[in-house]
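Q: Below are the sequence and a predicted model; questions follow.
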Amino acid sequence: MTQVPKVIGFICDWSVDLKPLSDGGRLRELPNVRVVQVPCSGFVRPDWLEEALNRGADGVFVTGCPYGDCLNREGNFLMRDRIDQLQRRLQRRKVDTARIGMLAFGLHDGAAFLAEVKAFVDRIAVLPPAQPARTAGRPAVAQPAGTPEGERT
Amino acid sequence: MSTVVERQTPGRYARLMTTLLRETLRLDVWVNRLYPTDFNPLYYTGGLSNLFLFTLVLSGIFLFFYYDASLGEAFASVQYITDRVPYGGIVRGVHRYAADGFIVAILLHLLRNWFTDRHLFARDNPWISGMFLLLFGGFIGFTGYQLVWDERAQLLTSMFVAMLRSIPAFGATLTRLFIGGLGISDGTLVRILFLHIGPATALYAFLWWHYVRLRHPKIWPPGVWVLFCVGLVFLLAGVVPMTRETIPAAAPAAHPTSFPMDVFFLIPFWLLNFLPAGVVVLLLVALFVGGLAIPYASRRETPVEMGVRHSGVAQVIDGNCTGCELCYYDCPYNAIVMVPSPGPGLSKAAANRSLLAVVIESRCVECGICIGACPFEALELPKFLERDVLRQVAEALRPGSGQAVRA
Amino acid sequence: MRTVYTMGVALLSGLSLLFAVGIIYGEATDQWFLGGGSVGALLIAYSFIVLLLRKMGMTGPRKTER
């Protein structure tokens, strides 16, 4: 990927404190990282992560509470499991598994969170572009060959 | 701590609770520097309590085999355990220090779940049962001190009788029930033994209630802490042995006036130094009732009132549900049950279902984990629909989108 | 950092051996408190060994927490 990668993060309400880190929908220090806030990391459906990749995101991550401290007890464990399964599915379609990440940070872990996100972005930035190549300026709802998950509306 | 705050000005209590929550989590940062998060003891305070309880049960069974519940023989049997039974003194020490550890772990557990808001709205069952566990645990510790039947036990018994007598209307009856007659006799000790072992067994019934609304309760701490806590208890038993406190045996002629204090279980009796018995009883009752009221007392009872995201309780989209049970297995609060499907669903996948998911709304905390689990889009949070999420994703990925996305 | 951890593990292992000897000695000479205290010290040493091994990265978290 040549330019700055576009990354979407699903960040749980109860994990890292986003108020000092973001304004509106993006991280101040990493403006290419857009943020969607969710009630629990376990709320995220793996379909949405795939959708984000299909719509042109270069990477997508979910952030939950530290393992063992999920406010809803198991959300981050469940999400980690689902992302494992999603990564295995995507591997079969030759999508690089580095594009999907699971992070776990607590309320005061802002600095560590930003460092981890930056490492994630750097990892994606050196990956070859996702197939098929996209023309700039038009979001491609690219369906990798043989979409198995039923009709997508 | 939710970062989606939609209220205007929070009240003083709400601000205090928020501060407590933030500072509790700040403590986590320091602990997580020492321990990886899956070893952080603050995440496993319930498991630690259970560990100490288990140690207490095992050591208690050992002690029970040698204990003689009679006025003349109780102290002698305890001496026999300490002096003549191999490792008897160690097991006595283990029993004592595990009890102290139990109280410490329970209080940590109470404070953690209080300050991190894990006791509100649909999560009040563990809190209420936990209050009973605390009450019973404290009482069991007290009767344990009585069983030794030394001068401390003698004084404790008369103090307790004074407290019972101060209860209006029922005081005399309760005293007679407790003592088993009009004066202290062998029967008293038998009753005290029952009041030690019976409530200890009842603890497990309360634990059932404690776990009933949770899926996969964390009932055991990480191995590191099992090793450390059991080791600590044994080390203390060996290095600070029980025989250090040389309290003579109880005797009818003795009228003890003081005893070595124990801060874990005997604080109400220390208060009797300054307050009349009736006031102490009232204080304990007030503490207990106040503790029971904590989930309900403030106006922070529901997500709306707490000023955090309130997306509404999860709703099953009946037409899409295929009865696959994935949401049932993932819900951390057992808020989803599977019922026999009253009829086929609307979508092709749902047409042949035999089960249907139903959300028990009183147990739902609106976390949305079921939405993440469902492959068939058969669950939604009413105020945060899937299409809202996808709209945010699409807006964020629109080329040239430099504007902030409305969260 | 790793050498510090390794030295710590080695030291604790040596101490564990010492405590194990203490257990056997306490058992042999009927000094129950020595034996019991050594059991406790041994378990605590084990717990720190496990912690150091984890911090070294030789034992890892469960797969779900990578």
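A: Perfect, thanks for sending it. Numbers count the residues shown, from 1 in each chain, chains lettered A, B, ... in the order given.
Q: and residue B:333, what does it touch?
A: A:72, B:122-123, B:213-215, B:363-365 (C-beta atoms under 8 Å, 6 or more residues apart in numbering or on different chains). The C-beta positions use only the backbone N, C-alpha and C, and glycine is treated the same way.
Q: Return the item of those residues having minimum pLDDT.
A: Among the contacts of residue B:333, residue B:122 has the lowest pLDDT, at 86.
Q: re the thing from before, got the contacts of residue B:333 as JSON lines, with neighbour count, secondary structure and distance to chain C columns?
A: Shown next, in JSON lines, are the contacts of residue B:333 (neighbours: other C-beta atoms under 10 Å in any protein chain shown; DSSP: H, G, I helix; E, B strand; the rest coil; distance: C-beta to the nearest C-beta, whole Å):
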{"residue": "A:72", "neighbour count": "26", "secondary structure": "coil", "distance to chain C": "16"}
{"residue": "B:122", "neighbour count": "19", "secondary structure": "helix", "distance to chain C": "25"}
{"residue": "B:123", "neighbour count": "21", "secondary structure": "helix", "distance to chain C": "23"}
{"residue": "B:213", "neighbour count": "20", "secondary structure": "coil", "distance to chain C": "23"}
{"residue": "B:214", "neighbour count": "18", "secondary structure": "coil", "distance to chain C": "18"}
{"residue": "B:215", "neighbour count": "16", "secondary structure": "coil", "distance to chain C": "16"}
{"residue": "B:363", "neighbour count": "18", "secondary structure": "helix", "distance to chain C": "25"}
{"residue": "B:364", "neighbour count": "21", "secondary structure": "coil", "distance to chain C": "24"}
{"residue": "B:365", "neighbour count": "23", "secondary structure": "coil", "distance to chain C": "22"}
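Q: Pipe those into a markdown table and attach distance to residue A:29 per row.
A: Below are the contacts of residue B:333 laid out as a markdown table (distance: C-beta to C-beta, whole Å):
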| residue | distance to residue A:29 |
| --- | --- |
| A:72 | 28 |
| B:122 | 37 |
| B:123 | 35 |
| B:213 | 41 |
| B:214 | 38 |
| B:215 | 38 |
| B:363 | 40 |
| B:364 | 36 |
| B:365 | 32 |
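Q: which among those residues gets closest to residue C:23?
A: Using C-beta to C-beta, residue B:214 is the member of these that lies nearest residue C:23, at 39.0 Å.
Q: contacting residues around the closest one?
A: A:73, B:126, B:332-334.
Q: where in the stretch 251-400 of chain B is pLDDT low?
A: B:400 (pLDDT under 70).
Q: what ranges do the helices span in it?
A: For the stretch 251-400 of chain B, the helices defined by DSSP state H, counting those that start in this stretch occupy B:267-271, B:277-297, B:303-306, B:326-330, B:369-373, B:386-397.
Q: Dump the last one to CSV, keeping only the CA atoms.
A: It refers to helix B:386-397. Listed next in CSV are the C-alpha coordinates belonging to helix B:386-397 (Å, rounded to 0.1, in the frame of the first residue of the first chain):
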residue,chain,number,x,y,z
GLU,B,386,-26.7,-3.1,12.4
ARG,B,387,-27.5,-0.6,9.7
ASP,B,388,-26.4,2.2,12.0
VAL,B,389,-23.0,0.5,12.4
LEU,B,390,-22.6,-0.2,8.7
ARG,B,391,-23.6,3.4,8.0
GLN,B,392,-20.8,4.6,10.3
VAL,B,393,-18.4,2.3,8.6
ALA,B,394,-19.4,3.5,5.1
GLU,B,395,-19.1,7.1,6.2
ALA,B,396,-15.7,6.6,7.6
LEU,B,397,-14.5,4.9,4.4
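Q: Run the chain-centre distance for it.
A: Distance of helix B:386-397 from its chain centroid, counting by C-alpha atoms, centre = their mean, to the nearest Å, is 41 Å.
Q: Can you give me the buried ones in it?
A: Within helix B:386-397, the residues that qualify as buried by neighbour count (16 or more other C-beta atoms under 10 Å in any protein chain shown) are B:386, B:389-390, B:392-397.
Q: most packed of the helices of the stretch 251-400 of chain B?
A: Most buried of the helices of the stretch 251-400 of chain B, by mean neighbour count (mean count of other C-beta atoms under 10 Å in any protein chain shown): helix B:369-373, with a mean of 27.
Q: and that helix, what does it pack onto?
A: In this structure, helix B:369-373 makes packing contacts with helix A:75-92, helix B:326-330, strand B:379-380, judged by 3 or more C-beta pairs under 8 Å, 6 or more residues apart in numbering or on different chains; DSSP states H and E.
Q: mind pulling up the phi and psi values for residue 42?
A: With no chain named, the answer covers chain A. phi -70, psi -10 (degrees, to the nearest 10).
Q: that's the other chain; I wanted chain C
A: According to degrees, to the nearest 10, residue C:42 has phi -60, psi -50.
Q: doesn't residue C:20 make contact with it?
A: Yes: the pair residue C:42 / residue C:20 is scored as a contact, 6.1 Å apart, by C-beta atoms under 8 Å.
Q: Who has more neighbours out of the two?
A: Regarding residue C:42 and residue C:20, a neighbour count based on other C-beta atoms under 10 Å in any protein chain shown identifies residue C:42 as having more, with 22 against 15.
Q: Nearest residue to that one in space, please, no chain neighbours.
A: Closest residue to residue C:42 apart from its sequence neighbours, by C-beta to C-beta, 6 or more residues apart in numbering or on different chains: residue C:19 at 4.0 Å.
Q: pretty sure that neighbour belongs to a helix, no?
A: Yes: with DSSP: H, G, I helix; E, B strand; the rest coil as the criterion, residue C:19 is part of a helix.
Q: who's in contact with it?
A: Residue C:19 neighbours (C-beta under 8 Å, 6+ apart): C:38-39, C:41-42, C:45.
Q: Pull up the pairing partners for the helix or strand of chain A with the lowest mean pLDDT, direction included.
A: Ranked by mean pLDDT, DSSP states H and E, the helix or strand of chain A with the weakest confidence is strand A:22-23, at a mean of 84. Strand pairing for strand A:22-23, determined by DSSP bridges: strand A:26-27 (antiparallel).
Q: just to revisit the earlier point, quick one: which of the helices and strands packed on helix B:369-373 is nearest residue B:29?
A: That would be helix A:75-92 among the helices and strands packed on helix B:369-373, by C-beta to C-beta, at 17.2 Å.
Q: now the closest one, how far from the centre of its chain.
A: 12 Å.
Q: what about chain A, any weak spots by pLDDT?
A: A:1-2, A:131-153.
Q: show me where it has helices.
A: For chain A, the helices defined by DSSP state H occupy A:46-54, A:75-92, A:110-125.
Q: and of these, who's closest to residue B:338?
A: Closest among these, using C-beta to C-beta: helix A:75-92, at 18.2 Å.
Q: Just give the closest residue to residue A:114, not the sequence neighbours.
A: Nearest residue to residue A:114, sequence neighbours excluded (C-beta to C-beta, 6+ apart): residue A:29, at 5.8 Å.
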